[in-house]
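> coords please:
(one chain, ligands or ions: 1)
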Amino acid sequence: MKKQKIAIVGATGAVGEELLNVLDELDFPVESILPLASAKSAGSEVEFGGKFYKVKELTEEVFKQNPVDIAFFSAGGSISAKYAKFAVETGAVVIDNTSHFRMNQDVPLVVPECNAEDIKLWKKTGIIANPNCSTIQMVHILKPLDEVFNLKRVDVATYQAASGAGKEGMAELVEGLQSFFAFKLDEFKANTFPYTLALNLIPQIDEFSDNGYTKEELKMVNETQKILHKNLEISATCVRVGVLRSHSEALSLHFEKEVDVKKAREILKNAPSVVVIDDVANKKYPMPLFTSDTNETYVGRIRKDISRDNVLHLWCVADQIRVGAATNAVRIAQKWLELRGK
Ligand code: A2P
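Residues are numbered from 1 along each chain as shown. Model prediction:
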């Protein structure tokens, strides 16, 4: 396969760094790397495949001066809004990790295990959107179960790690914990999060909308419906927790008909990018400390509702920076390479 010239916008950030690791691990055919970030990082270096690449400042001209085949954007929505078009103009496909283009009907929103075929729409705008981190791990579970049992409604509560707020979010959690051990937690000033995250839970991610839901919660609703091509009923409660980098979710799934737990477990065992850890007798279930730095969505605690035969409850965990961002973006790029001529 022809090797690709790759730009990473936000190469010095949490997702940008992980993109480099995942491209390498998944043996993506890379010819060269163009790491881009803000002016303050220009001149610093990132490593890929044993080679060092100088970070350049993201400007309107940088893609003209250094044309690439694929540009990953992970520097925030306002940066994608302003600069993605310059990458597209020079012939690159943009794989955008921000929320900016996700609900644009001409932009495919893709989790390759669920709706890879949608990638073909990329020609309309030159852009493919990578969904929200909580959505990606959830649809890994929903899609295979929906195919067999016909999903009608999802109620989800998330337990989201600090990494969802980037490197600053992770640093703020660690600093909060350090303040606690220095007996100074009451003096700690939160900056990235609305309150101190250390030893705490915050039932707010992003701003509130008029209907009482946060934007993060509404992303889970709207993006899931777009990916699954289905007008599913979904209600989400998104909570930030004092965990470094894997998100967890408690899911209640309402199906059209009665579900069978054994069959559901078998379906999930055979689902792509899903690993079942479900042996409660031996206290085996997924936990964020042990799933970080991996590329799979882990699922356990699979059980039927006590009073309803058509309802299944389960627990899933996945590395937010990888599964919820970098790994999905690289899997999109792999599929794009496969499908682009079709
Ligand atoms: P920089 O390190 O130069 O600020 P994270 O999500 O971990 O906070 O990372 C955000 C990423 O987005 C970083 O690589 C950061 O670069 C990059 N970024 C932030 N603002 C800009 C900007 N104005 N232009 C280009 N990249 C930016």
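
> Run through the residues of the stretch 1-150 of the chain sitting next to the ligand.
Applying the criterion CB under 6 Å from any ligand atom, the portion of the stretch 1-150 of the chain that neighbours the ligand consists of 10-14, 16, 37-38, 40-41, 58, 75, 79. Where you see a C-beta, it was placed from the backbone N, CA and C, and this is true even at glycine.

> Which single one of the residues you listed is nearest to residue 319?
Comparing those against residue 319 with CB to CB places residue 14 closest, at 11.2 Å.

> Give me the below-cutoff pLDDT ranges for this structure.
Regions of the chain meeting the criterion pLDDT under 70 cover residues 341-342.

> In it, which residue sits nearest the ligand?
Of all residues in the chain, the one sitting closest to the ligand is residue 13 (2.1 Å; CB to the nearest ligand atom).

> wouldn't that residue be in contact with residue 166 here?
Yes: Residue 13 lies in contact with residue 166 (CB atoms under 8 Å); the separation is 5.7 Å.

> In terms of neighbours, single out the busier of those two.
Between residue 13 and residue 166, residue 13 has the larger neighbour count (other CB atoms under 10 Å), namely 22 against 19.

> State the distance from the more buried one to residue 24.
Here residue 13 is placed at a distance of 17 Å from residue 24 (CB to CB, to the nearest Å).

> repeat for residue 303
Counting by CB to CB - residue 303 and residue 24 are separated by 39 Å.

> Please apply the same query to residue 284.
For residue 284, the distance to residue 24 (CB to CB) stands at 31 Å.

> who has more neighbours, the two?
More neighbours surround residue 24 than the other of residue 284 and residue 24, with 15 against 12 (other CB under 10 Å).

> That one belongs to a helix?
Yes: assigned with DSSP: H, G, I helix; E, B strand; the rest coil, residue 24 falls within a helix.

> What's the local residue count around the nearest residue to it once chain neighbours are set aside?
If the residues on either side of it in the chain are set aside, residue 24 comes closest to residue 49, at 5.6 Å by CB to CB, 6 or more residues apart in numbering. Residue crowding around residue 49 was assessed by other CB under 10 Å; the count is 10.
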